[in-house]
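[1] Next come a sequence and a model predicted from it.
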Amino acid sequence: MHIFRGIHHKALASRTALTIGNFDGVHRGHLAMLHELVHTAHARGLVPTVLTFEPHPRDFFATLHGQPDSAPSRISTLRDKLCALREAGVEQVIVLRFDASIAALSPEAFVRQIVLQGLKAQFVLVGDDFRFGARRAGDFAQLDRLMRSAGGEARQMPVVLTQTDLRISSSAVRQALQAGDMETVQLLLGRPYAISGHVLHGAKLGRKLGFPTLNLRFDRARPALGGVFVAQVHGLETAALPAVASLGTRPAVETDGRVLLETHVFDWQAEAYGKLIRVELLHKLRNEAHYSDLAQLTAAIQRDSDQARAWFAQLARQTTRDRI
């Protein structure tokens with residue numbers, strides 16, 4: 001998959017099937033749209049392409065109005081979003097910086113300059129709530145008219161629902177993450193929630209306390225979830241390894257506000273610095289907490305580890321019963 005930071009790169013495909021959006025979390029609704037995009041692109045000899053924005057447009061406007069906390073929290077890192085798009089069959093992603101010049105484009109100018117001239121789109125697929133252009137003035141009817149006038153086609157995807165008629169959306173995923181409801185998160189995503197990245201060096205406090213951790217940076221200031229989780233880690237051995245993980249700003253030991261995922265892998269000891277791993281968060285145990293001393297922190301980590309081990313033991317027993 002080719003990734004471009006802008007629409008003027010000479011290596012951009014000359015004939016594309018395009019979808020536009022933020023794709024935060026790449027949930028089942030997104031995946032249904034991407035499947036349709038890839039199928040149509042291959043049938044017409046086009047390159048399946050995604051246009052996404054960094055920062056999120058709502059981040060941009062929230063910061064512009066001096067209210068950064070009003071922007072939506074983030075479900076996934078940019079790395080994880082791009083990996084999910086690649087796995088869905090997308091062949092080209094344009095990560096376009098959302099700034100004042102993009103925000104000011106009229107709907108007509110957005111389609112003419114970005115969609116048609118920049119990305120050479122002959123087919124555009126969007127969601128049922130898609131809006132575009134300055135003040136979100138453009139709607140699907142206008143997009144359809146503009147694409148038809150240029151000899152192309154626009155198509156609108158219907159909303160995707162769960163079996164209980166829950167609309168699958170990034171907002172629904174965020175709400176489930178914030179509630180710590182990882183089962184609903186998995187239902188909406190179609191897979192366990194996961195964070196991937198290269199293992200970083202840290203302060204090695206966990207090692208001193210008897211619980212060495214693998215550290216990953218979450219590249220968003222406001223993740224949609226936080227706390228301590230039962231986890232499993234891919235990328236260290238052939239099979240996934242059971243673990244306990246903490247995602248947040250580490251109020252017990254730090255005050256810099258940086259978001260870090262710290263994962264303690266059970267009964268595993270080896271050097272992992274620089275390795276690319278994926279940590280799946282399976283079940284939430286508790287929220288982050290502040291402790292007055294390291295003894296209290298150590299005791300809390302031990303309780304978390306015991307609870308996580310018990311969770312895996314219960315899962316193994318249930319799996320055995322299901323096989324009988």
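    Looks like it came in fine.

[2] When you work out contacts or count neighbours from here on, use the C-alpha atoms and nothing else.
    OK.

[3] what about Asp129, neighbour count?
    A count of neighbours around Asp129, defined by other C-alpha atoms under 10 Å, yields 11.

[4] measure it to Leu276 for me?
    Distance of Asp129 to Leu276, computed by C-alpha to C-alpha, to the nearest Å: 36 Å.

[5] Same question for Arg112.
    Arg112 is 40 Å from Leu276, where distance means C-alpha to C-alpha.

[6] Distance from stretch 282-290 to the middle of the chain?
    Here the centre of stretch 282-290 is set off from its chain's centre by 20 Å, with C-alpha atoms, centre = their mean, to the nearest Å.

[7] One more: stretch 105-117?
    On C-alpha atoms, centre = their mean, the centre of stretch 105-117 falls 27 Å from the chain's centre.

[8] Repeat that for stretch 9-27.
    16 Å.

[9] what are the ranges of the helices in the stretch 51-200 of the chain?
    Assigned by DSSP state H, counting those that start in this stretch, the helices in the stretch 51-200 of the chain fall at 57-64, 78-87, 100-103, 107-109, 140-149, 170-179, 182-189.

[10] Please tabulate those helices in a markdown table and include mean pLDDT and distance to Leu261 as additional columns.
    Output for these, formatted as a markdown table (pLDDT from 0 to 100; distance: least, C-alpha to C-alpha, whole Å):
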| stretch | mean pLDDT | distance to Leu261 |
| --- | --- | --- |
| helix 57-64 | 85 | 23 |
| helix 78-87 | 96 | 14 |
| helix 100-103 | 94 | 33 |
| helix 107-109 | 97 | 40 |
| helix 140-149 | 97 | 40 |
| helix 170-179 | 96 | 15 |
| helix 182-189 | 96 | 17 |
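
[11] how about JSON lines for those helices, with mean neighbour count and distance to Gln302 added?
    Formatted as JSON lines, those follow (neighbours: other C-alpha atoms under 10 Å; distance: least, C-alpha to C-alpha, whole Å):
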{"stretch": "helix 57-64", "mean neighbour count": "16", "distance to Gln302": "38"}
{"stretch": "helix 78-87", "mean neighbour count": "17", "distance to Gln302": "30"}
{"stretch": "helix 100-103", "mean neighbour count": "14", "distance to Gln302": "49"}
{"stretch": "helix 107-109", "mean neighbour count": "17", "distance to Gln302": "56"}
{"stretch": "helix 140-149", "mean neighbour count": "16", "distance to Gln302": "54"}
{"stretch": "helix 170-179", "mean neighbour count": "19", "distance to Gln302": "24"}
{"stretch": "helix 182-189", "mean neighbour count": "20", "distance to Gln302": "22"}
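
[12] ok, residues contacting the lowest-mean-pLDDT helix or strand in the chain?
    Counting by mean pLDDT, DSSP states H and E, the chain has its least confident helix or strand at helix 205-208, which shows a mean of 72. Identification of contacts with helix 205-208 by C-alpha atoms under 8 Å, 6 or more residues apart in numbering yields Pro212, Thr213.

[13] Show me what the next helix or strand after it is packed up against.
    Sequence order places strand 214-217 as the next helix or strand after helix 205-208, per DSSP states H and E. Strand 214-217 is packed against strand 193-198, strand 260-265, with contacts defined by 3 or more C-alpha pairs under 8 Å, 6 or more residues apart in numbering; DSSP states H and E.

[14] For Gly235, give me its contacts.
    Lys275, Leu276, Ile277, Arg278.

[15] Closest one of the residues you listed to His201?
    Using C-alpha to C-alpha, Lys275 comes nearest to His201 of the contacts of Gly235, at 11.2 Å.

[16] what about that closest one, distance to Leu247?
    Separation of Lys275 from Leu247 (C-alpha to C-alpha): 19 Å.
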